[in-house]
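Q: My questions concern the predicted model and sequence given below.
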Amino acid sequence: MSLVARHLEENGIPTVIIGAARDIVEHCGVSRFVFVDFPLGSPCGEPFDSEMQSGTVGAALDLLEAATAPRTTVTMPLTWSKGEGWKDTVFTAEQPFLSENQVKNWEARKQRYRDQKTQ
């Protein structure tokens, strides 16, 4: 995504990246970046927390409007409600931030997507 943002910026389209992999995103040199220290796949906030997600998107829009220098990073002052144990499972198949029912729904959606791709 970061490289796409750079390409768009080079062609006159302003962008803001919302992400969690700070080292990677900043290394790519994006113009505007909202950093959220959350698990990959949840850059806007915790699942089903629309208030948190709206706040993150709002911060991105504010940054788009207010940034005055290139490579501007804003760090969201948010914490994952279940602690930082998710960092221990970053490279595993576990989804520790989802309930058992939410994991089943997530797996079902993934399977529907796989089925659609094969058709």
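A: Received the coordinates, thanks.
Q: going forward, measure contacts between C-alpha atoms and count neighbours the same way
A: Noted.
Q: Show me the domain layout of this protein.
A: 1-81, 84-119 (automatic domain parsing).
Q: what residue lies at the spatial centre of the chain?
A: For the chain, Pro43 is the residue whose C-alpha lies nearest the centre (Cα atoms, centre = their mean; 2.2 Å).
Q: you'd agree that residue is in a helix?
A: No - counting by DSSP: H, G, I helix; E, B strand; the rest coil, Pro43 is not found in a helix; it is coil.
Q: surely it meets Ile17?
A: No - Pro43 is beyond contact range of Ile17, at 9.5 Å (criterion: Cα atoms under 8 Å).
Q: show me what contacts the closest residue to the residue nearest to the centre of the chain other than its chain neighbours?
A: The shortest distance from Pro43 to any non-neighbouring residue, by Cα to Cα, 6 or more residues apart in numbering, is to Gly19 (4.9 Å). By Cα atoms under 8 Å, 6 or more residues apart in numbering, Gly19 lies in contact with Val25, Phe33, Val34, Phe35, Val36, Leu40, Pro43, Cys44.
Q: Go through those residues and flag which are in helices.
A: Val25 (DSSP state H).
Q: and of the contacts of Gly19, the nearest to Glu9?
A: Phe33 (12.9 Å; Cα to Cα).
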